[in-house]
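[1] sharing a model prediction with you, sequence too.
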Amino acid sequence: MWITDSRELVRRLRENGFAAELRWSGPGLWVCARAGWFVVGEYVSDINRWLHDGAALFNLWHGIPLKTIERDIKSGPLAFMFREDWPWSLMFAVFKDERRRPDVLLSTSEFVSERCFSSAFGVGTERCLNVGYPRNDHFFSRPDAPPSDVLIADRAVWDRLKAARFVVGYFPTWRDDDSRFIGPDGLSLDRLAGAVSAQGGLLVFKPHFDMAQEIPESDAMVVLDRNDDLSAYLHLCSVLITDYSSVALDFMLLDRPILYYVPDLDEYHSARGLYFTPEEMMPGPLLRSPEELYRAIESIGPDQPPDPRAFELRARLWDGYDGHAAAHIQRFLEHRSGAAHEPPSGGAVD
């Protein structure tokens, strides 16, 4: 049962044959109170912060982290959520649900579980299920239609990108300080779109969900809706431009070039922190200025191969993932029904 506070999402899910209820409706409250498992993308509040006690928590999270997350954040506005030195304070109580350790945590490989997730979530690696991410399963079948119409706001936009010969996606992550690196004092999306258009391509941009800026669309650029699921569009891109977002690590599954536009790399590293050095985890050019990015686009084409370092990195991060994560998770949950708090046997799926 999908639980949400969005009436529109409930409508869309039901129209596509899925079971869904509003969070504070009678049926929604009944389902949450009786559930044996809460399967969330981030926190129990994704479903219901008041009714998760007694249910096992399966956290899918939302990507392989390059930047530090959760308990590993030691500075910046998010660090206070996981402070260990105020167990009797009001703030500790306020964020109690966000601090809950998952019973099972989805991961992609033992390497990722050991390097990032175990410390970030305060769990042993035996509680990490290393099977990959369901959102990327469709990468391996290259569908001629969206994986689900629930994931997209406008089918005509998806079809336009599918028909384009050369698509460059620009998907930056959010900055904790909401700094505006796009605009008069930074990157010009119009000029970037022009550089892509000169190569016979189309730029597609999706703002981070928390990004406050409004970005106008143009003939040379498609701006995705904030509620579009990026995974439904990612495999349509010939080249990816990003920064510290985990979307780059998903895109490696497609064996295509990645450009890293990181004008604030030094500041970001010192303020938020990274699990890996750029040389270790960012196989592609590190572009520090708008001019460097424009020039990189002018010299890239639709058939250019990825940085050779990406192949070895893909093997470490994804450990043979072949597009069957959803089926593995389904079997795991069916098998563990009635034994909700039993750990996942070191990540193995029965």
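    Thanks, I have the structure now.

[2] pLDDT score for the closest residue in space to Pro308 that isn't next to it in sequence?
    Nearest residue to Pro308, sequence neighbours excluded (CB to CB, 6 or more residues apart in numbering): Pro283, at 7.8 Å. Using the backbone N, CA and C atoms, a C-beta is placed for each residue, glycine as well. Predicted confidence (pLDDT) at Pro283: the value is 96.

[3] how about Glu342?
    With respect to pLDDT, Glu342 has a value of 55.

[4] one more: the one 4 residues further on?
    What the model reports for Gly346 is a pLDDT of 43.

[5] Ile215: how many residues sit nearby?
    15 (other CB atoms under 10 Å).

[6] need the nearest residue in space to it, chain neighbours excluded.
    Counting by CB to CB, 6+ apart, the nearest residue to Ile215 once its immediate chain neighbours are dropped is Val223, at 5.2 Å.

[7] follow-up on the earlier one: now do the same contact list for the residue nearest to Pro308.
    Applying CB atoms under 8 Å, 6 or more residues apart in numbering, one finds that Pro283 lies in contact with 252, 258, 306-310, 313.

[8] how close does it get to Pro302?
    Distance of Pro283 to Pro302, computed by CB to CB, to the nearest Å: 19 Å.

[9] any chance you could map the helices in this structure?
    Secondary structure of the chain by DSSP state H: the helices cover 7-15, 26-34, 90-94, 110-112, 118-121, 155-163, 189-198, 231-234, 247-251, 265-271, 278-281, 290-298, 309-318, 325-336.

[10] what lies in contact with the second one?
    When you say that, I think you mean helix 26-34. Around helix 26-34, the neighbours that count as contacts under CB under 8 Å, 6+ apart are 1, 3, 21-23, 47-48, 51-52.

[11] separate out the buried members of the residues you listed.
    Those of these that meet the buried threshold are 3, 21-23, 47-48, 51-52, by 16 or more other CB atoms under 10 Å.

[12] go through the residues you listed and name the one nearest Thr242.
    Taking CB to CB as the measure, Ile47 is the one of the buried ones among the contacts of helix 26-34 closest to Thr242, at 29.2 Å.

[13] surely the closest one and Ile3 touch.
    Yes - proximity of Ile47 to Ile3 meets the contact threshold set by CB atoms under 8 Å, at 4.7 Å.

[14] now the strands for the stretch 101-250 of the chain?
    Along the stretch 101-250 of the chain, the segments classed as strands by DSSP state E, counting those that start in this stretch run 104-107, 128-130, 167-170, 202-205, 221-223, 239-242.

[15] so which elements touch the first one?
    Other helices and strands packing on strand 104-107, by 3 or more CB pairs under 8 Å, 6 or more residues apart in numbering; DSSP states H and E, are strand 56-59, strand 128-130, helix 325-336.

[16] those: which one's closest to Ile182?
    Taking those one by one with CB to CB, strand 56-59 is closest: 31.1 Å.

[17] would you mind checking the average pLDDT for that closest one?
    Here strand 56-59 scores 97 as its mean pLDDT.

[18] that strand: partners in the sheet, and parallel or antiparallel?
    strand 37-40 (parallel), strand 104-107 (parallel) (DSSP bridges).

[19] distance-wise, check the closest residue to Asp322 other than its chain neighbours relative to Gly323.
    The shortest distance from Asp322 to any non-neighbouring residue, by CB to CB, 6+ apart, is to Phe140 (6.4 Å). Per CB to CB, Phe140 is found 3 Å from Gly323.

[20] repeat that for Ser197.
    Taking CB to CB as the criterion, Ser197 is separated from Gly323 by 33 Å.

[21] for Arg336, same thing?
    Counting by CB to CB, the gap from Arg336 to Gly323 is 23 Å.

[22] try Asp219
    35 Å.

[23] okay, those two: which has more neighbours?
    A direct count of neighbours by other CB under 10 Å for Asp219 and Gly323 places Gly323 higher, at 15 against 8.

[24] list the contacts for the more buried one?
    Taking CB under 8 Å, 6+ apart, we find Gly323 in contact with 132, 136-141.
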